[in-house]
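**Q** the following block contains a protein sequence and its predicted model.
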Amino acid sequence: DEFTVMLTNVTDEIHASLIAKDILARLAQSYILKGHEVYSSASIGITMSPADGCDVNTLLKNADMAMYEAKDQGRNTFRFFTSEMTDRASQFLEVDKDMRMALSQNELEVHFQPIYTMRDNKLLGVEALLRWQHPQRGLVLPSDFISVAEETGLIEEIGMWVMRRACSEAREWLKYNPDPEFYLAVNVSMRQFKGGFDKAQLQRLLHETGFPADRLLLEITETVLMDDDARTSEVLTEFRDMGVRLAVDDFGTGYSALSYLRKFPVSTLKIDRSFICDINLSSSHRNLVEAIIAMAHGLDLKTIAEGVENAEQAELLKELNCDMVQG
Ligand code: MG
Ligand code: MG
């Protein structure tokens with residue numbers, strides 16, 4: 001389903017883009033397939049010779065990178081190859097290589113961020129957060145490497161590593177914190193579900209680490225819940241039946257369809273930090289957070305505000321009846 005078009009009499013980039021537009025328009029016309037009217041679209045990557053390269057392999061590789069950029073930009077469009085694309089591609093490979101090394105060299109760490117109740121300022125739980133102590137770059141934050149790990153699939157291994165490490169460490173704390181409500185929150189990515197993360201895997205991990213299922217809360221993103229896969233729903237229900245709680249992470253940044261909240265056994269909504277950071281300054285964010293909290297309570301869900309960094313934010317969130325804060 002990939003085609004190469006070689007144009008030998010193109011004058012400049014404008015000329016090339018006019019031809020690309022024409023190809024897109026022709027492909028967008030519907031046609032009849034086995035009695036059904038179907039539509040298709042295309043993504044086009046363009047590279048120019050001799051400016052971008054002179055040999056077949058280089059030009060095909062360039063066009064391929066530009067095509068993926070076009071797909072990323074929402075498809076049905078075209079992109080020209082630029083040298084930054086090569087930089088990005090080599091950076092990508094570099095991060096992937098470094099990360100595999102990090103896993104085997106024990107450069108990854110789990111940090112724990114406390115979660116407090118608003119009503120009585122009680123330490124209710126912790127979220128396990130991944131950090132990378134890079135030998136040259138120092139402390140690297142997940143935003144700089146998780147997307148690469150998601151794309152290469154390494155996130156499956158990393159995700160399980162974090163869960164294992166967090167569970168064995170938190171099990172020790174349970175001895176000193178007898179509060180029966182105290183829990184550990186761990187992030188699970190879409191890729192892990194696609195890779196077969198299920199009840200059997202989770203049970204094995206909990207058995208090996210000795211961590212009780214009813215103290216575990218798994219944080220999943222809206223994309224996992226929006227995925228129309230019957231298996232996801234089945235797996236989440238099995239987790240719930242084991243006593244594991246489920247929270248929707250980064251709530252408010254993904255899709256707006258809320259019906260999934262009824263469909264899945266979630267117990268908690270985590271309001272994304274982007275709404276919290278300027279809650280004292282932006283009345284629209286304040287109203288939005290207030291509405292999310294009211295809706296969550298109406299559905300019998302608890303709310304956690306993420307990224308709370310000062311007393312004013314905490315005070316306001318208390319006024320808005322938010323259940324818990326972290327940050
Ligand atoms: Mg999280
Ligand atoms: Mg979050």
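**A** Cool, the structure landed. Numbers count the residues shown, from 1 in each chain. Ligands and ions are numbered 1, 2, ... in the order given.
**Q** in space, what's closest to residue 40 - neighbours in sequence excluded?
**A** The shortest distance from residue 40 to any non-neighbouring residue, by C-beta to C-beta, 6 or more residues apart in numbering, is to residue 27 (6.1 Å). Every C-beta, even on glycine, is put in place using the N, C-alpha and C of the backbone.
**Q** that neighbour: what's it in contact with?
**A** 40-42 (C-beta atoms under 8 Å, 6 or more residues apart in numbering).
**Q** can I get the CA coordinates of the helix or strand harbouring it in CSV?
**A** Using DSSP states H and E, residue 27 maps to helix 13-28. Taking Å, rounded to 0.1, in the frame of the first residue of the first chain, the C-alpha atoms of helix 13-28 are listed here in CSV:
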residue,chain,number,x,y,z
GLU,A,13,9.0,22.9,-4.5
ILE,A,14,5.8,24.7,-5.4
HIS,A,15,5.5,22.7,-8.6
ALA,A,16,6.0,19.5,-6.5
SER,A,17,3.4,20.5,-4.0
LEU,A,18,0.8,21.2,-6.7
ILE,A,19,1.3,17.7,-8.0
ALA,A,20,1.1,16.2,-4.5
LYS,A,21,-2.2,18.1,-4.0
ASP,A,22,-3.5,16.8,-7.3
ILE,A,23,-2.6,13.2,-6.3
LEU,A,24,-4.4,13.6,-2.9
ALA,A,25,-7.5,15.0,-4.6
ARG,A,26,-7.7,12.2,-7.1
LEU,A,27,-7.2,9.5,-4.4
ALA,A,28,-9.9,11.2,-2.2
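**Q** sec struct for residue 303, please.
**A** strand (DSSP: H, G, I helix; E, B strand; the rest coil).
**Q** what residues are up against it?
**A** With the criterion set at C-beta under 8 Å, 6+ apart, residue 303 makes contact with 268-271, 292-293, 296-297, 322-324.
**Q** which of these are buried?
**A** For those, a burial check counting by 16 or more other C-beta atoms under 10 Å picks out 268-271, 292-293, 296, 322-324.
**Q** between those, which sits nearest residue 156?
**A** residue 270 (22.4 Å; C-beta to C-beta).
**Q** for ligand 2, see how far away the nearest residue to that closest one once chain neighbours are set aside is.
**A** Once flanking residues are discounted, residue 270 sits nearest to residue 304: 4.7 Å by C-beta to C-beta, 6+ apart. Note on residue 304: its distance to ligand 2, by C-beta to the ion, to the nearest Å, is 9 Å.
**Q** okay, now the unreliable bits of this protein?
**A** Residue ranges of the chain with pLDDT under 70: 228, 254-257.
**Q** what segments of it are helices?
**A** Remark: helices assigned in the chain by DSSP state H are 13-28, 56-72, 83-104, 146-152, 155-176, 190-194, 199-209, 222-226, 230-242, 260-263, 273-276, 283-298, 311-319.
**Q** right, is the lengthiest strand in the chain up against ligand 2?
**A** For the chain, the strand that runs over the most residues, judged by DSSP state E, is strand 123-134. No. Judged by C-beta under 5 Å from the ion, strand 123-134 and ligand 2 are separated, with a smallest distance of 7.8 Å.
**Q** I'm done for today, thanks for sticking with me.
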